[in-house]
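Undergrad: Provided below for reference: sequence and predicted model.
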Amino acid sequence: MSILEMQNCNVFYGKAQALHDVSIIVGDGEIVSLIGRNGAGKSTLLKAIMGLNPIKSGTRKFEGRDVTNATTEMLGRSGIAFVPEDRRIFATLSVDENLRIATVMGRKGPWNLERVYNLFPRLKERMNSRGDTLSGGEQQMLAVGRGLLTNPKLLLLDEPTEGLAPLVVADLIKAMELINAEGVAILLVEQNLKVPLKLAKRQYLIDNGHIRWSGKTDELLAEREKIEALISL
Amino acid sequence: MGMLLFLLAAGLTLIFGMLRVINFAHGSLYMLGAYLAFQVVNVTGIFWAGLIAAPIIAAVVGALMERIALRPVYNRDHVYQLLLTFGFILVIDEAVRILWGLEYKQMYPPELLSGAIEMFGSSVPSYRLFIIGFGAAVSAALFFMLDRSRYGMIIRAASGDPEMVRTLGINVSLVRTGVFSFGAGLAALGGAAAGPLFPIELGMGFNIIIDSFIVVIIGGLGNIRGAVMAALLIGMTRALGYSYAPSWVDFLTFILLIGTLILRPEGLFSRKGRTA
């Protein structure tokens, strides 16, 4: 069973077409990654999935239901969580409030404040600090924790390890594995293969708004150089 | 006077923070509040009924204004929103003129508060003292709501990043309606409370809206805490000015405004990134 199915999606910024006939599938509880250079259309696709970029033509299915016309808030409530590239922590809210706001309309489920604080103990230490006083790593943990508290079935992660120290990256990878082990599917967007090769079983390679290649991780490894050249990594 | 200014400025600044709209019609909602309170008191004979009913009715009017008129122009240039709220002034003023006519209306403080109290050798009308206490209570409640409640948390978050709030499943357009409606209610509460202090007339909204804008700018656009401080500052300045240099009152007010704009255009009481 697939949790998310985007079929032949075309997305425009004004008159410029940003995504061309993009189709991707994320299976139930699966980790899939989407890899491409800067400006290839990765974030555009995540925003389109979350309903933040309008899909001009094509369909979006979530858990088998057609939700092409659903609004962002409906998608959020039905179990998609978005962890954006620039984290978008609420600057004037405390760490604790940044987490609690996700529980207001979020689904009921296994994730609660206590479990998120256990997953990221650093957040607990800083629970009363304002959002805009956090370091990059703390912001990333908070963005992931906030997403988790909506109890999603699918987590959209946009370059979660970008610009972070190796130790923090290792922590985040561990956290992603743990989250996935609980049955949450993850669509991971990255600019390079490092983290995707570690976590994902299937990969999509995107360039210039087109999906150039998709397949299993070992297939990618077998012809790595040829495929990397395809999307000019 | 300072407390009335605060009620208006708080609503203005909340609406600006959340909707990015400068509501020129805020003074008209204040006036509408005074007329509504007058009407309710006239029918029921109970002052408190007017004080409660006026903001509720105005909040409904505000919600309709936001839903029907304002919502379609959010994505347009600011000029459209300014023109629209300016249009609200004309509509509300005209409606008030048709409903209540041109002559002054008079409201009286409730019997309980109609006396005066001896303080520091002068006698102070007890209704004025009530307004000070009432305003302080409302501002405390407002702070509590914004800082501690779930609604305040959502308003603060959505003032900063509405899109991200939507991804969490929260209906931000409903929040916008709520905030506009609440701001309209606060303005009408100010108008209702002002009823026994000033004659109720068509121009009453215009006089106070100028001062409210000054308060909002001195406090920092979108900054509620700043609005309280600035309302007190302007209120005190005007009160002292009336006692010692009556002809200089407006001059002093505008000196404060111009000084703020030159020295700290982001507002005297603003902190980086604060939105509520």
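TA: Yep, that arrived.

Undergrad: Ranking helices and strands of chain B by mean pLDDT, which lands last?
TA: strand B:116-119 (a mean of 79; mean pLDDT, DSSP states H and E).

Undergrad: residues near whichever residue of the stretch 101-250 of chain B sits closest to chain A, how many?
TA: In the stretch 101-250 of chain B, the residue that lies nearest chain A is residue B:169 (3.6 Å; Cβ to the nearest Cβ). Every residue, glycine included, has its C-beta placed from N, CA and C. Neighbour count of residue B:169, defined by other Cβ atoms under 10 Å in any protein chain shown: 22.

Undergrad: Check the contact between it and residue A:103; I expect there is one.
TA: No - with contacts counted by Cβ atoms under 8 Å, residue B:169 stays clear of residue A:103, the gap being 10.0 Å.

Undergrad: Show me which positions of stretch B:248-260 end up buried.
TA: B:249, B:253, B:256, B:257, B:260 (16 or more other Cβ atoms under 10 Å in any protein chain shown).

Undergrad: Quick check: residues of the stretch 1-150 of chain B near chain A?
TA: Residues of the stretch 1-150 of chain B lying near chain A by Cβ under 8 Å from any Cβ of the partner chain: residue B:150.

Undergrad: can you list the weak-confidence ranges in the stretch 1-150 of chain B?
TA: The stretch 1-150 of chain B contains residues with pLDDT under 70 at B:1.

Undergrad: need the helices for it, in chain order.
TA: Secondary structure of the stretch 1-150 of chain B by DSSP state H, counting those that start in this stretch: the helices cover B:2-19, B:26-44, B:47-64, B:78-100, B:126-148, B:150-160.

Undergrad: got the ones you listed as TSV, with mean neighbour count columns?
TA: Shown next, in TSV, are the helices of the stretch 1-150 of chain B (neighbours: other Cβ atoms under 10 Å in any protein chain shown):
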stretch	mean neighbour count
helix B:2-19	27
helix B:26-44	24
helix B:47-64	20
helix B:78-100	15
helix B:126-148	16
helix B:150-160	22
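
Undergrad: about what we covered before: so which of the buried residues of stretch B:248-260 are in strands?
TA: Judged by DSSP state E, strands contain none of these.

Undergrad: Let me see the contact set for the nearest residue to residue A:131 once chain neighbours are set aside.
TA: Spatial nearest neighbour of residue A:131, chain neighbours left out: residue A:89 (4.1 Å); criterion: Cβ to Cβ, 6 or more residues apart in numbering or on different chains. Contact partners of residue A:89, counting by Cβ atoms under 8 Å, 6 or more residues apart in numbering or on different chains, are A:98, A:131, A:132, A:134, A:139, A:142, A:143, A:146.

Undergrad: So the third one versus residue B:7, what's the distance?
TA: The one in question is residue A:132. 30 Å (Cβ to Cβ, to the nearest Å).

Undergrad: What sits closest to residue A:30 if chain neighbours are left out?
TA: residue A:185 (5.3 Å).

Undergrad: Considering the contacts of residue A:89, which possesses the most neighbours?
TA: Highest count within the contacts of residue A:89 by other Cβ under 10 Å belongs to residue A:146, 29 neighbours.

Undergrad: nearest residue to that residue other than its sequence neighbours?
TA: Per Cβ to Cβ, 6+ apart, closest to residue A:146 is residue A:102, 4.7 Å.

Undergrad: per-residue confidence at residue B:248?
TA: pLDDT recorded at residue B:248 is 87.

Undergrad: Against residue B:208, how distant is it?
TA: 20 Å.

Undergrad: just residue B:66 next, same as before
TA: Distance from residue B:66 to residue B:208, counting by Cβ to Cβ: 22 Å.

Undergrad: Contacts for stretch B:113-131, please.
TA: B:3, B:4, B:108, B:109, B:193, B:196, B:197.

Undergrad: repeat for stretch A:226-233
TA: With Cβ under 8 Å, 6+ apart as the criterion, stretch A:226-233 contacts A:35, A:36, A:37, A:40, A:192, A:193, A:205, A:206, A:207, A:212, A:213, A:220.

Undergrad: Of those residues, which is the nearest to residue B:214?
TA: Each of the contacts of stretch A:226-233 was checked against residue B:214 using Cβ to Cβ; the closest is residue A:40, at 50.3 Å.

Undergrad: May I have the residues that are in contact with residue B:254?
TA: residue B:214.

Undergrad: circling back: so which of the contacts of residue A:89 are in strands?
TA: Per DSSP E, the contacts of residue A:89 never map to strands.

Undergrad: Narrow those to those in helices?
TA: When DSSP state H is applied, those are split such that A:98, A:139, A:142, A:143, A:146 fall in helices.

Undergrad: Now residue 177: which helix or strand?
TA: Defaulting to chain A. Using DSSP states H and E, residue A:177 maps to helix A:166-181.

Undergrad: My question was about chain B, not that one.
TA: Residue B:177 belongs to helix B:172-194, assigned by DSSP H and E.

Undergrad: ditto for residue A:25
TA: strand A:16-27.

Undergrad: ok, that strand: who's next to it in the sheet?
TA: Strand A:16-27 pairs in its sheet with strand A:2-13 (antiparallel), by DSSP bridges.

Undergrad: buried set for the partner strand?
TA: A:3, A:4, A:5, A:6, A:7, A:9, A:10, A:11.

Undergrad: try stretch A:167-174
TA: Under 16+ other Cβ under 10 Å, the buried positions of stretch A:167-174 are A:168, A:169, A:171, A:172, A:173.

Undergrad: State the pair within the residues you listed that is farthest apart.
TA: A:168 and A:173 (9.8 Å).

Undergrad: Between the contacts of residue A:89, which sits nearest chain B?
TA: For the contacts of residue A:89, the nearest to chain B is residue A:132 (5.3 Å; Cβ to the nearest Cβ).

Undergrad: Run through the residues that contact the residue nearest to that closest one when sequence neighbours are not counted.
TA: Nearest-residue entry for residue A:132: residue A:91, 3.9 Å, with adjacent residues in sequence omitted and distances by Cβ to Cβ, 6+ apart. By Cβ under 8 Å, 6+ apart, the residues touching residue A:91 are A:130, A:131, A:132, B:160, B:273.

Undergrad: could those go into a markdown table alongside pLDDT and distance to residue A:61?
TA: Converted to a markdown table, the contacts of residue A:91 look like this (pLDDT from 0 to 100; distance: Cβ to Cβ, whole Å):
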| residue | pLDDT | distance to residue A:61 |
| --- | --- | --- |
| A:130 | 94 | 39 |
| A:131 | 93 | 34 |
| A:132 | 92 | 37 |
| B:160 | 89 | 32 |
| B:273 | 48 | 39 |
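
Undergrad: quick one: which two of those residues are the most distant?
TA: Pairwise over the contacts of residue A:91, using Cβ to Cβ, the maximum falls at A:130 and B:160, 11.5 Å.

Undergrad: just to revisit the earlier point, which pair in the contacts of residue A:89 has the greatest spatial separation?
TA: Among the contacts of residue A:89, A:132 and A:146 lie farthest apart (Cβ to Cβ), at 14.9 Å.

Undergrad: Paired strands for whichever helix or strand comes after the helix holding residue A:177, with orientation please.
TA: Using DSSP H and E, the helix or strand that follows helix A:166-181 towards the C-terminus is strand A:185-190. Strand A:185-190 has its sheet partners listed here by DSSP bridges as strand A:31-35 (parallel), strand A:154-158 (parallel).

Undergrad: What's the first helix or strand after strand A:185-190?
TA: Assigned by DSSP H and E, the successor of strand A:185-190 is helix A:194-199.

Undergrad: And the contacts of that next one?
TA: In contact with helix A:194-199 (Cβ under 8 Å, 6+ apart) are residues A:31, A:33, A:35, A:161, A:169, A:173, A:176-177, A:180, A:186, A:188, A:190, A:203, A:217, A:220-221.
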